[in-house]
Structure formats: structure tokens, C-alpha cells
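Novice: Here's my sequence, what's the structure:
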Amino acid sequence: MANKESSASSAGRIRSAGKNRVSGLSKPRRRTAIVAAVLLVVVGWPVLSALFGGFERTSGGEIAVVRNGGFFDNNRIRQVIDPGSGRVWIGLYSQVHKYPAQQRFYTITSDARKGDETGVDVVTVPSADGVNMGIEGTLYFTLNQDHKALRDFDDKYGTRKFRSAGGEMYNVYDGDRGWSAFLDQIVRPVIDNDLRSQINSFRCAELVSSCALVQNSSAQPKNAQAVGQKAQSNNANIAKVQNAINTSLAADLEQTLGGKFVTNIHFNLVRITLPSKVQDAVDRAQAAFAQVSEAQAKVATAKAEAAANKARQNGYNKCPTCARIEELKALPQGITVYAPGNPNGSLLRGK
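Specialist: Numbering: from 1, shown residues only. Presented below is the predicted three-dimensional model:
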């Protein structure tokens, strides 16, 4: 009996020792698995992200300049990705600067909802005779997509920031805000200078015909034909301004930017406005001319009526019967008796 109990006790101790050995072996394995998982997250995930981030592509409306950005790399330009590309390998941790590849425009307008700058935006420049004129228009252009020109552009302007109208700092490749900040600081002064130099070579009346109404009387058109000729002259002068700006802008932008970075430049002069006080004077002058024209029309009408009455009376004098016939025609309808000599009335209505 004692032998059986001793055997059972020995077997229990053996099983317990086996369990302790298994438990002792499983703990290091768990720690190893946990450490391996942590290393995979800490090391493996960034490596995988870098590998997947080493591929880039462009849409149809953008072109990209890729700069080296690895831990042991320089920061030089690595490559240029053309618009609408598939996924290409750009290296680990490279920087991608994406620029617009389609036509862009810069609008100067008094409409606060449509201009590129915040609020009302009009270029005010003096004419040759000293009248401040508000210029509104739109500049159309395309960023040069030649790889060498684009590399030079990124070296000059992709490595710095520009202040927007709201005061924030942006890189030129930071979407529309960055592009607008670049245009406001670099391109807009060139536009203003070209407009000033071109508008200053014309007198106010040569661009806006109504200026003649508030200057000297000799500049005012004498008749409708002169007004039409003046309007045609204004249109021709505005076309001259546009052509001159298109020519000068291309050269000035190339000189200012330090390279031929923009192409297909075209400036569309939309409107020329006068200062509010000058415009008020023009409106008053036009109203006065309208009143004079109205009075002249009334005088002409009265003269025509007097001449017609005189001619009609001469005809009646020569033909009294004709006068009587016209008198009968003027009688109201329903008259059955006409007695001019009746003292009680010359007209009797029928029942």
C-alpha cells in the first residue's frame, strides 16, 4: 500500500517538473517574439514605407522635379518626371517638386471675387496727360517644360519661399497658394512696370474717348462721325498697348527671372477705367450734352411743325374748298347736321 502511494507521488513530481520545464522554455520564446515584433514595427515599417515612397508619378496637368533626399545623399536634382507618367523609381527619401504643366493665368480685376490678389485689384497708372487710369486684364502663360529650363527654375525659385497676400510663406510648388505667392512677388511687379510704361505714352482721350468731355473743348467730337472715328482710334490704340505689352513682357520676364522660364505669354487688356471724380465729371458732361441734344431736338421739331403749318395754310388760301373739306373730315363721328352760321352751335348730333 505504501509502495503504491510512493509511486503515485513520484509520478506527480515528474509531471510537475515537466510542466515547469515547458513553462520555463515558453517565456523566453514569448519575449523573443515580442522583441521581434517591436523591431519589425520600429525598423521594418519605415523601411517598407521608404520603399513604397520611392515611387512617384505625375498627372496630366503637372510636371515634377525630383531632388535627392537620402541620409547620405546630396540635395541635387535627380530627375524630371514629365506630365502623365506612370510610376517611376525616384530613390529613397527623395523630394518631389510638382509644377503646373498646363496654361496658367493671372487676373487683375476690380471684381474682388475673380482677381488673383485679395480684394479689389486694379493697376493704376497715369496717362501722358496726367490722368490716373485703372487697368484691368489677364496674363496668360505656360511654364517652360524644357528639362534644363525647369531644373534652373527649381534651383532659383524652388529652393526658397514666397510671402502670400495674407502674409503666409509658401514654396512655389505648394499648390495654387504657393504658385500665387510666387506670381504676386516676382511676376506682378513686372506686369505693373510694363503697363505703366505703355499707358504713359498715350493721352487719356486716346484710350477712353469720354475723357475728351472733361478736358478742353477742342478735344470734343463735333458730330456722330467724329465720335465713331474716335472709338475706332481708341480700339486701335488699345490693340497697340496689348501688342507692346506682349512683346515687352516676354523680354522683361526673361531678364527679371533670369531665364526663359515662361512661354506663350499673352496679355489681354480687358478694361480701362477712370478715377471716380473724373468719371463723375464725365457723367455730368454726358447728361448736359443729352439735355442740349434734347432741347435741340425740340427746337427742330417746333421749326418743322411751324413750316408744315405755314405750307398747309398757303395751300388753304389757294384752295378754300380744300380747307372746308379738311374741316369736314375733322368733325366727330355721329354728326348729322353741320350749321356753321347757327348761333346756338354749329354741330347737331343725330338721335
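
Novice: buried sites along stretch 135-144?
Specialist: Burial within stretch 135-144, assessed by neighbour count using 16 or more other CB atoms under 10 Å, is assigned to 135-139, 141, 143-144. C-betas here are computed from N, CA, C, even on glycine.

Novice: Just the ones of these in strands?
Specialist: 135-139, 141, 143 (DSSP state E).

Novice: Tell me how many other residues crowd the closest residue in space to residue 84 that isn't next to it in sequence.
Specialist: Once flanking residues are discounted, residue 84 sits nearest to residue 60: 4.4 Å by CB to CB, 6 or more residues apart in numbering. Applying other CB atoms under 10 Å, we find 9 other residues in the vicinity of residue 60.

Novice: you'd agree residue 60 is in a strand?
Specialist: No. Assigned with DSSP: H, G, I helix; E, B strand; the rest coil, residue 60 falls outside any strand and is coil.

Novice: and it, what does it touch?
Specialist: Counting by CB atoms under 8 Å, 6 or more residues apart in numbering, residue 60 makes contact with 83-84, 101.

Novice: all helices of the chain, in order?
Specialist: 2-39, 45-53, 147-157, 175-182, 188-199, 204-207, 224-257, 276-318, 320-329 (DSSP state H).

Novice: count of residues packed around residue 239?
Specialist: Count around residue 239 with other CB under 10 Å applied: 11.

Novice: Residue 123: what's it in contact with?
Specialist: 108, 134-136, 191-192, 195-196.

Novice: And the residues you listed, which of them are buried?
Specialist: Applying 16+ other CB under 10 Å to the contacts of residue 123, the neighbour count classes 108, 134-136, 191, 195 as buried.

Novice: one step back: now the residue nearest to residue 84: how far from residue 100?
Specialist: 11 Å (CB to CB, to the nearest Å).

Novice: Check residue 248 too.
Specialist: Residue 248 is 24 Å from residue 100, by CB to CB.

Novice: got it, and residue 78?
Specialist: Residue 78 sits at a distance of 21 Å from residue 100 (criterion: CB to CB).

Novice: Would you confirm that residue 269 contacts residue 240?
Specialist: No. Under the criterion of CB atoms under 8 Å, residue 269 makes no contact with residue 240, lying 10.3 Å away.

Novice: who has more neighbours, the two?
Specialist: Set side by side, residue 269 and residue 240 show more neighbours around residue 269, with 19 against 15, by other CB under 10 Å.
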